[in-house]
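Participant: What would the 3D arrangement of this be:
(one chain, ligands or ions: 1)
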Amino acid sequence: MGEDRYLTFALGKGRLADKTLELFEKTGIDCREIKDKNSRKLIFEDKASKLRFFLAKGPDVPTYVEYGAADIGVVGRDTVLEENRNVYEVLDLGFGKCRMCVCGPSEAGELLKNHERIRVASKYPNIARDYFHNKKRQTVDIIKLNGSVELGPLVELSDVIVDIVETGSTLRENGLTVLEEICPLSARMIVNPVSMQMETERIKDLVNRIRSLINNRD
Ligand code: PRP
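Facilitator: Here you go, the predicted structure:
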């Protein structure tokens, strides 16, 4: 591939987006256009470095990358695991650190210990299923929610939840606690497998620049 082709990035909207742009700016990428909150434009370009960016809903980022609509994506590891798309995970960006946990009222700890058939509410049904069915060999009923998952045990929709815990304050304020830890999470860079082959040098160079920035910061 020639130098003319644009590399396209899909960036997860929300919590991670600002930190991602901050990191890209430090590598010399011009992000002014995309940071303009008044603009309704969906796709932004840095002509000098031949890079294009768009923001997408987190769970859609691995979809854009798998189909090659974006060469590269930045999204939380929670989404990478949940969507389980055919993409390469090339870099841990080190920010957005949190944990995927089983949470609930402390009494629910007994239900977990006894391997009872419990109800599990989650925005992450695939992660929850993999954890309970494959890792713990525990039969559970999984209920998919789209947000405010902590409500599950409070209104007796479910016994426990599988959700992200960052500071733990949402749990504390609602009388819930971490019962089991599933895995650590942070922002990841993912790459389309064909792009990785066709644009190896450019992608490797970019990943190396970002990696050395992260290492210097730590
Ligand atoms: C996430 C997560 C928890 C909360 C954890 O929700 O689902 O609710 O953050 O953070 P904490 O441990 O620092 O309290 P988010 O704010 O993304 O919104 P959602 O409930 O709509 O998923």
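Participant: By mean pLDDT, which helix or strand of this protein comes out lowest?
Facilitator: With mean pLDDT, DSSP states H and E as the measure, the helix or strand of the chain carrying the lowest mean pLDDT is helix 32-35 (a mean of 82).
Participant: which secondary structure elements does whatever helix or strand comes next after that helix contact?
Facilitator: Of the helices and strands lying after helix 32-35 in sequence (DSSP states H and E), the nearest is strand 43-46. Counting contacts by 3 or more CB pairs under 8 Å, 6 or more residues apart in numbering; DSSP states H and E, strand 43-46 is packed against helix 32-35, strand 51-56. In this view, the C-beta of every residue, glycine as well, is placed from N, C-alpha and C.
Participant: Buried ones in strand 43-46, by neighbour count?
Facilitator: Applying a neighbour-count criterion of 16 or more other CB atoms under 10 Å, one finds Phe44, Glu45, Asp46 buried in strand 43-46.
Participant: What strands flank it, and is each parallel or antiparallel?
Facilitator: The pairing partners recorded for strand 43-46 under DSSP bridges are strand 51-56 (antiparallel).
Participant: Return the list of helices and strands in contact with the helix or strand just after the strand it pairs with.
Facilitator: Sequence order places helix 61-66 as the next helix or strand after strand 51-56, per DSSP H and E. When contacts are defined as 3+ CB pairs under 8 Å, 6+ apart, helix 61-66 packs onto strand 7-12, strand 72-76, helix 77-83, strand 187-191.
Participant: Output the below-cut-off pLDDT ranges for the chain.
Facilitator: 1-3, 218 (pLDDT under 70).
Participant: So which bits of it are right by the ligand?
Facilitator: 123, 147-150, 163-170 (CB under 6 Å from any ligand atom).
Participant: Let me know the helix or strand that Arg110 is in.
Facilitator: Check again: residue 110 is Glu, not Arg. Glu110 is located in helix 108-113, with elements delineated by DSSP H and E.
Participant: Point to the residue nearest the middle of the chain.
Facilitator: For the chain, the residue whose C-alpha lies nearest the mean C-alpha position (CA atoms, centre = their mean) is Gly76; its distance is 1.6 Å.
Participant: sorry, back to before: looking at the helices and strands packed on strand 43-46, which is buried most?
Facilitator: Most buried of the helices and strands packed on strand 43-46 by mean neighbour count (mean count of other CB atoms under 10 Å) is strand 51-56; its value is a mean of 20.
Participant: Counting by contacts, list what the least confident helix or strand of the chain packs against.
Facilitator: Using 3+ CB pairs under 8 Å, 6+ apart as the contact criterion, the elements in contact with helix 32-35 are strand 43-46.
Participant: Show me what the strand it packs on is in contact with.
Facilitator: Contacting residues not belonging to strand 43-46 are listed as Tyr6, Ile29, Asp30, Cys31, Glu33, Ile34, Leu51, Arg52, Phe53, Phe54 [CB atoms under 8 Å, 6 or more residues apart in numbering].
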